[in-house]
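> My questions are about this predicted structure, shown below with the sequence.
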Amino acid sequence: MQAPLVDTVPGRYWHRLDDGRIQCDVCPRYCKLAEGQRGLCFVRARQNDQMVLTTWGRSSGFCIDPVEKKPLNHFLPGSPVLSFGTAGCNLTCKFCQNHEISKARQMDAVGSLATPDMIVQTAKQWGCSSVAFTYNDPVIFLEYAVDVAKACRAAGIKTIAVTAGYIGKDARAEFFRHMDAANVDLKGFTEAFYHKLCSAHLDDVLETLIYLKRETGVWFELTNLVIPGENDSDGEFDAMTRWIMANLGPDEPVHFSAFHPDWKMMDTPQTPAQTLIRAREIALKNGLRYVYVGNVHDHAASSTYCHNCHTRLIGRDWYELSDWKLDAHGNCTECGIACAGVFGPKPGQWGRKRQPVRLSAARQ
Ligand code: SF4
């Protein structure tokens, strides 16, 4: 017998098919469900002839992280971010580095109650400037993420989506309308990579990136997890960064991040730091201004430089900030040229620490 569904809310993006099934339109998987079935993400289901989300108000845990961990290097640097996820995922990445969460099948086992109000109260209590939907992809819990984001906006708190950008056209318009910033994984730059390792399609992700750039005001940065032997050729770095330059422009920050063996790719070695350096050099040669390495210690390649006079604007090692050469408006203090991004008058002081937290009680 099927387990009863709890914490369900109506899904917003689906339609009926002629054959009696209903199709979820939240992401390009377009799962087609008979009564009682769940989609690939496991958190959307057909119940009483409707599509529902089964994880509204449920979280797999909360931590306060530096914004640099999302990673976002140009969005309120140094600030603390209340971060959480739920369960499930709409991709099947064999290299998933959060698989305990993304592959969780039973939300009851991992889910503690987290209403939008409780999340806002906790963010305020800890002085967090933003709340991040992360650890698993918020696209699959869109209705919940949007409700949390609305409560955050009402309280003056920003919202950050950490996502693979695998989202349907109508759903993305609503989802990103409520986000202030995003980090989008561009996992590789070949259809073969997406097909073999994520069972997804590259074009759908590229379409999301173009949408974000042209149709929204969301500040977004890209992360490319570099996996030895899978997406680490010079040709792929070159093609990817040329595409970014042509479609998203020189101010689009890119993070080349080191893979470590995980989930179903335990036999693949971790990424040599030199590979990340090579990727960064190719990206810079192709005209991108803000290119970073991640998951390794490299002060020079983790810092932000003025694209005009090359002053080190923000010194950074791992998630720790050092130099700060931006004025209150985000301009270089040496030459006055603007650095792309969203900056406060001063850097945040959160540092690199990671603080697990329990949620505050809801406001009465
Ligand atoms: S959100 Fe989930 S149910 Fe909907 S199409 Fe994507 S994987 Fe399928």
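Alright, I've got the coordinates.
> Which pLDDT value goes with the closest residue in space to R242 that isn't next to it in sequence?
Excluding its sequence neighbours, the residue lying closest to R242 (CB to CB, 6 or more residues apart in numbering) is N286, at 5.4 Å. Using the backbone N, CA and C atoms, a C-beta is placed for each residue, glycine as well. Listed pLDDT for N286 reads 98.
> and what of L53?
As predicted, L53 sits at a pLDDT of 96.
> quick check: mean pLDDT across stretch 204-214?
Mean predicted confidence for stretch 204-214 is 98.
> got the contact list for the residue of the stretch 251-364 of the chain found nearest the ligand?
In the stretch 251-364 of the chain, no residue comes nearer to the ligand than W263, which is 18.2 Å away by CB to the nearest ligand atom. W263 makes contacts with 93-97, 99, as judged by CB atoms under 8 Å, 6 or more residues apart in numbering.
> thought T55 was touching T86?
Yes - here T55 reaches T86: they are 4.5 Å apart, a contact under CB atoms under 8 Å.
> The two: which is more packed in?
For T55 versus T86, neighbours defined as other CB atoms under 10 Å are more numerous around T86 (32 against 29).
> Return the per-residue confidence for the more buried one.
For T86, pLDDT reads 90.
> Now for the residue nearest to R242: which residues touch it?
Neighbours of N286 in contact, by CB under 8 Å, 6+ apart: 238, 241-242, 245.
> now do V205
By CB under 8 Å, 6+ apart, V205 lies in contact with 164-166, 184, 186-187, 194.
> chain center to the host helix or strand of it: distance?
For V205, the host element (DSSP states H and E) is helix 202-215. Distance of helix 202-215 from its chain centroid, counting by CA atoms, centre = their mean, to the nearest Å, is 14 Å.
> Can you name the residues of the stretch 51-200 of the chain sitting close to the ligand?
90, 140 (CB under 6 Å from any ligand atom).
> ok, back up a step: now do the SS call for the residue of the stretch 251-364 of the chain closest to the ligand.
Secondary structure assignment for W263 (DSSP: H, G, I helix; E, B strand; the rest coil): coil.
> try G235
Here G235 takes the helix state, with states given by three-state DSSP.
> Then the one 4 residues further on?
Reducing the assignment at A239 to three states with three-state DSSP gives helix.
> which non-adjacent residue is nearest it?
Nearest to A239 is F189, by CB to CB, 6+ apart, at 5.4 Å.
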